[in-house]
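S.K.: Below are the sequence and a predicted model; questions follow.
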Amino acid sequence: MDVKDVIINQDAKLRDALQLLDKLGLGILFIVDDFEKLVGVLTDGDIRRFLLLNGNLDNNVKDVMNTNFFSLSVDSDNETILNNINNKIKVIPLVDDLGKIVDYASINKLRRISISAPLLEGNELLYVTDCIKTNWISSQGKYVRSFEKLFSDYHENYSALAVSNGTVALHLALDALGIGEGDEVLVPNLTFAASINAIIYTGATPVLVDVERDSFNIDMDNIEKHITNKTKAIMPVHLYGQSCDMDKIVAISKKHNLLIIEDCAEALGSKYKNRPLGVFGDAATFSFFGNKTITTGEGGMVLFKDSVVANKGAVLRDHGMSKERRYWHDFVGYNYRLTNLQAAIGVAQFERLNEFVNAKRKLAESYNETLSKYSFFQIPVEKQDTYSSYWLYTFLVKEEAPFTREELMNYLSKRGVETRPVFYPLHIMPPYKLFGNDENLKVSSDISVLGMSLPSSVSLSVVETNYICSCISSFIDEIKG
Ligand SMILES: Cc1ncc(COP(=O)(O)O)c(C=O)c1O
């Protein structure tokens, strides 16, 4: 219901107000003056009491309204709103600086809780201001170098190259490693499409491999049957922050002489055997899109094991232009650079990485506690030797559940909680049909139909988390009747 529908002027007749109350069923009207300023609220109870005292429906609303009402600023967050909703105050008008009513909130109409929002309250503004004050806003500048150094230090001294997003990071990694036409690259069937797109950009052929039902990651027992004499590389994707079994992948790649490009877009801060993901192969890539664990708005990073390959990557990132001879091009390169402005945000975000990962892990604990009460949910598990950043908390609504994933998602959406379904399996979409075969890709298809993600922002408050969990519990109570 739009707030405009619930507003009535103080000079309106009580009879009209009563009719409106009856029609809307919200139990309250917001009363405004001629300047649209909120001057009172009116409930069914206010009118009933007035009539019992011999009041008359021909009176004006202003004779009856409650002027001692509770309101909040329209900027209030859900935590404040939830803390003020109680048995007496069920609907709260939200007003702007001038006291005009702009919106209202109730337990069923909260501000939207988004799936993953950035938190930019550290040194981001300070560092970006520094870029502007010093005139270093393009892709030269100290923050690009600092950002790369932070990444390199964190990832066992792999060479780091900052790039414009996680998709070009993958393309640059593949290209610098020499992957191209005639090569085959193994990639999981369940991932964001950027993983497979980057392989296609190089002219190589992606080969779709099914995933494990518990981790959602590439199925080790399935990999070897896809290896041919054209297979050049494997691209494990650590989906939703869950680590692949890197020992097994490294063993297979050694046995078949394959390159490994880890897609860590969703897994910064995750670990395998206490080592950060991204240090198990020849290259690894990260994304800093706005919904990622740390963000630069748009942005990405490539890690290379071999410094010679990294140097080639650096040349390719800068138009393929020689580092020694300006305007001399040894390769067809790209402009995949990150700006100093973006890197400044990245440095400030990276400073809080541990804090962000801890917050996501704590959030996952709360969700696990609620969902594990019900046998029809499959909650995420950290497999042996893995440590998840829980980038997006993702679980399955099993087939035996007395409701569908869509029903749960709709219920939460109506209560202001944003959710996301798991990705489509790649092989069912037109550009990728060629690269996979239905019979071999059953698990990814199942997960795609059953999986969903819950809000996973690091800024989510305890009150909001409890609210989401209680919505899930109420939904199940209602279903069970
Ligand atoms: C697994 C995976 N790979 C690659 C990417 C691409 O990153 P970007 O959006 O920064 O291009 C994403 C991003 O969303 C992703 O989830």
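M.R.: Yes, it's here.
S.K.: What about residue 44, how many residues nearby?
M.R.: Using other CB atoms under 10 Å, residue 44 is surrounded by 15 other residues. For the C-beta atoms, the positions are set from N, CA and C on the backbone; glycine is no exception.
S.K.: Domain-wise, how is the chain divided?
M.R.: 3-106, 124-350, 353-480 (automatic domain parsing).
S.K.: So which of these is nearest residue 113?
M.R.: domain 353-480 (4.9 Å; CB to CB).
S.K.: picking up where we left off before, is it possible to get CSV of the domains of the chain that adds mean pLDDT and distance to the ligand?
M.R.: Listed next are the domains of the chain as CSV, based on pLDDT from 0 to 100; distance: least, CB to the nearest ligand atom, whole Å:
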stretch, mean pLDDT, distance to the ligand
domain 3-106, 92, 26
domain 124-350, 97, 2
domain 353-480, 95, 8
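S.K.: Please identify the deepest-packed of the ones you listed.
M.R.: Comparing these by mean neighbour count (mean count of other CB atoms under 10 Å), domain 124-350 comes out on top with a mean of 21.
S.K.: how far does that one stretch from start to finish?
M.R.: Counting by CA to CA, to the nearest Å, you get 10 Å between the two ends of domain 124-350.
S.K.: Which residue ranges of the stretch 151-300 of the chain form helices?
M.R.: With DSSP state H, counting those that start in this stretch, the ranges of helices along the stretch 151-300 of the chain come out as 166-176, 194-201, 220-223, 246-256.
S.K.: Let me know the angle separating the first one from helix 194-201.
M.R.: Regarding helix 166-176 and helix 194-201, their directions subtend 40 degrees when assessed with axes from the mean of the first three to the mean of the last three CA atoms, to 10 degrees.
S.K.: Outside of helix 166-176 itself, list whatever touches it.
M.R.: Under the contact criterion CB atoms under 8 Å, 6 or more residues apart in numbering, helix 166-176 has outside partners 161, 163, 185, 194-195, 197-199, 201-202, 204, 233, 235, 261, 263, 265, 283-289, 292, 300-302, 304, 309-310, 312-313, 316-317, 334, 336.
S.K.: Please apply the same query to the third one.
M.R.: The contact list for helix 220-223 (CB under 8 Å, 6+ apart) reads 186, 209, 210, 212, 234, 245, 248, 249, 252, 440.
S.K.: Next: the last one.
M.R.: Here helix 246-256 makes contact (CB under 8 Å, 6+ apart) with 218, 220, 223-224, 227, 231, 234, 236, 258-260, 272-273, 277, 280-281, 385.
S.K.: Turn the helices of the stretch 151-300 of the chain into JSON lines, including distance to residue 412.
M.R.: Below are the helices of the stretch 151-300 of the chain laid out as JSON lines (distance: least, CB to CB, whole Å):
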{"stretch": "helix 166-176", "distance to residue 412": "28"}
{"stretch": "helix 194-201", "distance to residue 412": "27"}
{"stretch": "helix 220-223", "distance to residue 412": "33"}
{"stretch": "helix 246-256", "distance to residue 412": "34"}
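S.K.: Nearest to residue 329, out of those helices?
M.R.: helix 166-176 (14.5 Å).
S.K.: got the CA coordinates for that closest one in CSV?
M.R.: Extracted in CSV, the C-alpha atoms of helix 166-176 (Å, rounded to 0.1, in the frame of the first residue of the first chain):
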residue,chain,number,x,y,z
GLY,A,166,36.7,-9.8,-12.4
THR,A,167,35.7,-10.8,-15.9
VAL,A,168,38.7,-9.2,-17.6
ALA,A,169,40.8,-10.6,-14.8
LEU,A,170,39.9,-14.1,-16.0
HIS,A,171,40.5,-13.2,-19.6
LEU,A,172,43.9,-11.6,-18.9
ALA,A,173,44.9,-14.6,-16.8
LEU,A,174,44.0,-17.1,-19.6
ASP,A,175,45.6,-15.0,-22.3
ALA,A,176,48.8,-14.4,-20.4
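S.K.: returning to what we had before: the contacts of helix 220-223 in strands, which ones?
M.R.: 186, 209, 234 (DSSP state E).
S.K.: check which helix or strand covers residue 127.
M.R.: Secondary structure from DSSP states H and E places residue 127 in helix 124-134.
S.K.: which helices and strands sit right next to that helix?
M.R.: Packed against helix 124-134 by the contact rule (3 or more CB pairs under 8 Å, 6 or more residues apart in numbering; DSSP states H and E) you find helix 340-350.
S.K.: so what does the helix it packs on touch, helix or strand wise?
M.R.: helix 124-134, helix 142-154.
S.K.: how big is the angle separating the next helix or strand after that helix from helix 340-350?
M.R.: Downstream of helix 340-350, the first helix or strand assigned by DSSP H and E is helix 353-371. Here the directions of helix 353-371 and helix 340-350 differ by 60 degrees (the same axes, to 10 degrees).
S.K.: Let's see the distance spanning stretch 30-47 from one end to the other.
M.R.: Terminal residues of stretch 30-47 are spaced 14 Å apart (CA to CA).
S.K.: next one: that stretch to chain centre, how far?
M.R.: Distance, stretch centre to chain centre, for stretch 30-47: 40 Å (CA atoms, centre = their mean, to the nearest Å).
S.K.: Next: stretch 161-179.
M.R.: Centroid separation between stretch 161-179 and its chain, computed with CA atoms, centre = their mean, is 22 Å.
S.K.: Repeat that for stretch 188-205.
M.R.: 21 Å.
S.K.: same check, this time on stretch 149-164
M.R.: 23 Å.
S.K.: Can you get me the start-to-end distance on that stretch?
M.R.: Termini of stretch 149-164 sit 17 Å apart (CA to CA).
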